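Enquirer: Predicted model, plus sequence, below.
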Amino acid sequence: MKTILLGFTLLISPLFAGAPEGFTSLFNGKDFTGWWGVGTENPAKYLALSAEKLADKKKKSLENIARHWQVKDGIIHNDGHGLFLSTEKNYSDFELRLEFKLDPKADSGVYLRGIPQVQLWDTTEAGGSWKHGAKKGSGGLWNNPKGTAGREPLVHADKPIGEWNAMIITLVGEKVTIHLNGKLIVDDAKLFNFFDKKGPLPKAGPIQLQTHGAPVQWRNIFVKEL
């Protein structure tokens, strides 16, 4: 599966942009409407909660989000700590477009249907994660079993630390295709279920922005359901 990239570079702009045709913006450029906070936890468990318990969990999570996440000039800023931003809505098959910018030593990612993860990190030796595979670049399905397709990116496509990166992620069924800065880095690879090693990928779940260790910025987050 090859995502058409024609014109995607036009998304990269210094200000919050409107959604491309056919896409919905997940971020309104002002606040975290439509988002709440979740850690690395099996979405099947909290999706099975009663409406009352789930509402209480969401309310408490937003207190944590307020301490570690903020919006400035149409850009989402995270201080490298706290819960991850999670969409309230669950998604099945989709194309996700977003831009991210990492600080030195940043270690971040994108969870698909609540499953970790598309890996984003400081790929320099000074970033401290070469022993974990950062030298090969961002965008791999890092929690897939070692040796499986997609776990490591096909090419190193990251911009230098401090510059914006543009990413397109397409998830159909259990297969993921990823482009980073116009380069194919994961080609129709299976995303394994981190929480249920022998089970299938959930049919639907949230999109999450994961971070820990160092600041990360996000903007222009758009999704098209397929």
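Expert: Yes, it's here.

Enquirer: The residue located most distally from the centre of the chain sits in which helix or strand?
Expert: Within the chain, the residue lying farthest from the chain centre (CA atoms, centre = their mean) is Glu52, at 27.7 Å. In the assignment (DSSP states H and E), Glu52 maps to helix 51-68.

Enquirer: What helices and strands are in contact with that helix?
Expert: strand 35-38, helix 43-47 (3 or more CB pairs under 8 Å, 6 or more residues apart in numbering; DSSP states H and E). Any C-beta I mention is one placed from the backbone N, CA and C, and that applies to glycine too.

Enquirer: Using CSV, lay out those together with mean neighbour count.
Expert: Below are the helices and strands packed on helix 51-68 laid out as CSV (neighbours: other CB atoms under 10 Å):
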stretch, mean neighbour count
strand 35-38, 24
helix 43-47, 15
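
Enquirer: I'd like the distance from the residue positioned nearest the centre of the chain to Asn143, if you could.
Expert: In the chain, the centroid-proximal residue (CA atoms, centre = their mean) is Val110; its distance is 1.9 Å. Val110 is 12 Å from Asn143, where distance means CB to CB, to the nearest Å.

Enquirer: Find the residues that touch each one of these two.
Expert: Shared contacts of Val110 and Asn143 (CB atoms under 8 Å, 6 or more residues apart in numbering): Gln117.

Enquirer: Would you check that Glu174 makes contact with Gly199?
Expert: No: assessed by CB atoms under 8 Å, Glu174 is found out of contact with Gly199, at 10.9 Å.

Enquirer: neighbour count winner among those two?
Expert: Glu174 (16 against 10; other CB atoms under 10 Å).

Enquirer: Let me see the contact set for that one.
Expert: Glu174 sits next to Lys190, Leu191, Pro200, Leu201 when contact means CB under 8 Å, 6+ apart.

Enquirer: which one is it nearest to, not counting chain neighbours?
Expert: Once flanking residues are discounted, Glu174 sits nearest to Leu201: 4.5 Å by CB to CB, 6 or more residues apart in numbering.

Enquirer: got it, and Leu96?
Expert: For Leu96, ignoring the flanking residues on the chain, the nearest one in space by CB to CB, 6+ apart is Ile169 at 4.5 Å.
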